[in-house]
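A.B. asks: Could you look at this predicted model? Sequence included:
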Amino acid sequence: MKKKLVAALLTAAMAMSLLAGCGSSDSKGSDADSKETAESTEDSDQEAADKVADLIDAIYVQERTEDTDKQCEEAKTAWDKLTDAQKELVSGENADPDYFGRDTGDASKDDPLNEDEIGENELLVVSFGTSFNDSRATDIGGIEKALQEANPDWSVRRAFTAQIIINHVQARDGEKIDNMDQALERAVNNGVKNLVVQPTHLMHGAEYDELSEAVENYKDKFESVKIAEPLLGEVGSDATVINADKEAVAKAITDEAVKAAEYDSLEAAEADGTAFVFMGHGTSHVANVSYDQMQTQMEQLGYKNVFIGTVEGEPEDTACEAVIDKIKEAGYKKVILRPLMVVAGDHANNDMAGDDDDSWKSQFEASGAFDSIETQIEGLGRIPAVQQIYVEHTKAAIEQ
């Protein structure tokens with residue numbers, strides 16, 4: 001009897017062991033299956049994101065082709081099919097989630113000014129361009145509207161020189177903006193006789209040179225073609241050479257900055273220990289001396305607490321570190337950063353006011369030398385006094 005009991009107990013134990021073993025195997029198998037499924041999902045998500053990144057990189061180019069319209073549509077369609085998690089995985093040579101995902105305002109508020117029925121007289125306003133919708137409508141659009149109001153007998157049309165930006169706006173928002181060749185072809189096809197080109201560029205730099213070359217190729221298509229001056233007028237030979245345009249711009253942008261900071265005057269800001277920094281783009285072009293000329297102009301106007309800097313280019317005395325040292329040496333404890341750019345676009349929002357360590361705002365904060373750092377993200381194009389300078393340049397070109 002005892003042997004039978006022991007045998008029964010052993011049999012039961014073995015059965016339980018076998019059942020436990022089977023359960024353990026099923027559990028391990030289930031865990032492995034779950035892990036494999038998760039890895040498969042991750043691979044699928046990354047594959048979908050990589051496809052969109054490749055499509056974005058394909059339109060992040062400075063040359064328009066016969067495939068551009070199709071490529072822009074394909075990129076946006078693919079992006080719209082992604083989940084929120086997949087969108088965060090988009091990363092390419094130039095692609096990132098912000099390409100389609102960043103909110104820069106309502107594109108419908110902007111007028112691309114690309115309609116036909118131009119008439120005999122066209123005023124073509126040429127800008128580098130921006131993908132920031134609010135800035136495009138307010139800064140570039142502000143200049144265009146001022147020029148149209150001042151020249152009712154001329155049809156104002158728009159062109160951008162940056163195809164990369166044109167493609168971005170078209171792909172994301174469905175807004176089509178002419179590049180230089182498209183705008184000039186439109187003028188020819190519409191029978192325009194008199195063409196005046198007004199650049200919104202700051203100076204006679206690389207973009208202005210490219211614009212001039214493009215217009216040169218079409219000059220025999222019109223009875224008259226004239227190119228008006230950019231905002232700062234002629235460059236001059238060195239940092240000491242200034243002109244009436246630079247003086248007018250210096251006064252206009254400083255007045256606007258002081259007003260936005262809610263000071264009664266520049267002198268009141270100085271007494272409060274506040275310095276204003278206007279950050280330009282900078283360039284390797286010889287026209288980069290224009291920034292030093294603007295600093296000279298500020299000094300000659302007696303604007304002791306106004307400083308000019310640049311993101312890129314030479315000389316190095318306009319680099320962020322050099323500007324910080326100047327302001328520290330002058331003893332100002334409060335700093336207000338503002339773009340010396342027609343448009344408050346990517347450079348203003350990221351290079352100047354961004355949160356990355358290399359932004360100007362971050363570098364000023366990291367110096368530990370100042371009590372407060374503020375930013376005014378507003379382009380020059382929205383300032384009425386700046387718009388008037390463009391109006392005067394256009395008038396001079398028309399009357400040549």
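C.D. replies: Received, thanks. If you're wondering where the values come from, they're calculated on a predicted model, not measured in any experiment.
A.B. asks: what stretches of the stretch 201-350 of the chain score poorly on pLDDT?
C.D. replies: In the predicted model of the stretch 201-350 of the chain, residues 313-315 satisfy pLDDT under 70.
A.B. asks: What segments of it are helices?
C.D. replies: 206-216, 244-260, 266-271, 289-300, 320-330, 346 (DSSP state H, counting those that start in this stretch).
A.B. asks: winner for burial among those?
C.D. replies: With neighbours defined as mean count of other CB atoms under 10 Å, these peak in mean count at helix 289-300, which reaches a mean of 22. For the C-beta atoms, the positions are set from N, CA and C on the backbone; glycine is no exception.
A.B. asks: CA-only coordinates of that one in PDB, if you can.
C.D. replies: What follows is the C-alpha trace of helix 289-300 in PDB, where atoms were taken according to Å, rounded to 0.1, in the frame of the first residue of the first chain:
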ATOM      1  CA  VAL A 289      31.400  95.100 -45.400                       C
ATOM      2  CA  SER A 290      27.900  96.500 -45.300                       C
ATOM      3  CA  TYR A 291      27.500  95.200 -41.800                       C
ATOM      4  CA  ASP A 292      30.500  97.100 -40.600                       C
ATOM      5  CA  GLN A 293      29.200 100.200 -42.400                       C
ATOM      6  CA  MET A 294      26.000  99.800 -40.400                       C
ATOM      7  CA  GLN A 295      27.900  99.700 -37.200                       C
ATOM      8  CA  THR A 296      29.800 102.800 -38.300                       C
ATOM      9  CA  GLN A 297      26.400 104.500 -39.100                       C
ATOM     10  CA  MET A 298      25.100 103.600 -35.600                       C
ATOM     11  CA  GLU A 299      28.200 105.200 -34.000                       C
ATOM     12  CA  GLN A 300      27.900 108.300 -36.100                       C
END
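A.B. asks: Give the other helices and strands that it contacts.
C.D. replies: In terms of contacts (3 or more CB pairs under 8 Å, 6 or more residues apart in numbering; DSSP states H and E), helix 289-300 is packed against helix 244-260, strand 274-280, strand 306-310.
A.B. asks: Now tell me what touches it from outside.
C.D. replies: Residues from elsewhere that reach helix 289-300 (CB atoms under 8 Å, 6 or more residues apart in numbering): 202-203, 232, 235-242, 246-247, 249-250, 254, 278, 280, 282, 306-310, 313, 315, 317-318, 340.
A.B. asks: picking that back up, mind putting the helices of the stretch 201-350 of the chain into TSV with distance to Val197?
C.D. replies: Shown next, in TSV, are the helices of the stretch 201-350 of the chain (distance: least, CB to CB, whole Å):
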stretch	distance to Val197
helix 206-216	6
helix 244-260	18
helix 266-271	35
helix 289-300	20
helix 320-330	34
helix 346	25
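A.B. asks: Mind checking those helices for the one nearest to Ala396?
C.D. replies: Using CB to CB as the criterion, the shortest distance between Ala396 and these is 10.9 Å, found for helix 244-260.
A.B. asks: related to what we said a few turns ago, out of the helices of the stretch 201-350 of the chain, which comes closest to Glu63?
C.D. replies: Taking the helices of the stretch 201-350 of the chain one by one with CB to CB, helix 206-216 is closest: 12.9 Å.
A.B. asks: chain center to that closest one: distance?
C.D. replies: How far helix 206-216 lies from its chain's middle: 21 Å, per CA atoms, centre = their mean, to the nearest Å.
A.B. asks: can you check stretch 249-263 too?
C.D. replies: Taking mean C-alpha positions (CA atoms, centre = their mean), stretch 249-263 and its chain are 23 Å apart.
A.B. asks: repeat for stretch 363-379
C.D. replies: Relative to its parent chain, stretch 363-379 has a centroid offset of 20 Å by CA atoms, centre = their mean.
A.B. asks: just the strands in the stretch 51-200 of the chain please.
C.D. replies: All strands of the stretch 51-200 of the chain, identified by DSSP state E, counting those that start in this stretch, fall at 121-127, 155-160, 194-199.
A.B. asks: where does the closest residue to Glu73 other than its chain neighbours land on pLDDT?
C.D. replies: Closest residue in space to Glu73, ignoring its immediate chain neighbours: Ala171 at 7.5 Å, by CB to CB, 6 or more residues apart in numbering. The model reports Ala171 with a pLDDT of 98.
A.B. asks: ok, Ala171 touching Ala75?
C.D. replies: Yes - with contacts counted by CB atoms under 8 Å, Ala171 reaches Ala75, the gap being 5.1 Å.
A.B. asks: re earlier: of all the strands of the stretch 51-200 of the chain, which one is nearest Ala353?
C.D. replies: Taking CB to CB, strand 121-127 is the member of the strands of the stretch 51-200 of the chain nearest to Ala353, at 21.2 Å.
A.B. asks: List of residues touching that closest one?
C.D. replies: Among residues not part of strand 121-127, those counted as contacts by CB under 8 Å, 6+ apart are 113, 140, 143-144, 147-148, 151, 153-161, 180, 183-184, 187, 190, 192-201, 211, 342-343, 394.
A.B. asks: Of those residues, keep whichever come out buried.
C.D. replies: Buried residues within the contacts of strand 121-127, defined by neighbour count using 16 or more other CB atoms under 10 Å: 113, 140, 143-144, 147-148, 151, 154-161, 180, 183-184, 187, 190, 192, 194-201, 211, 342-343, 394.
A.B. asks: thinking again about what came up before, emit the ChimeraX select command for whichever of the contacts of helix 289-300 are buried.
C.D. replies: To isolate the buried members of these in ChimeraX, using 16+ other CB under 10 Å:
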select :202,203,232,235,236,239,242,246,249,250,254,278,280,282,306,307,308,309,310,313,317,318,340
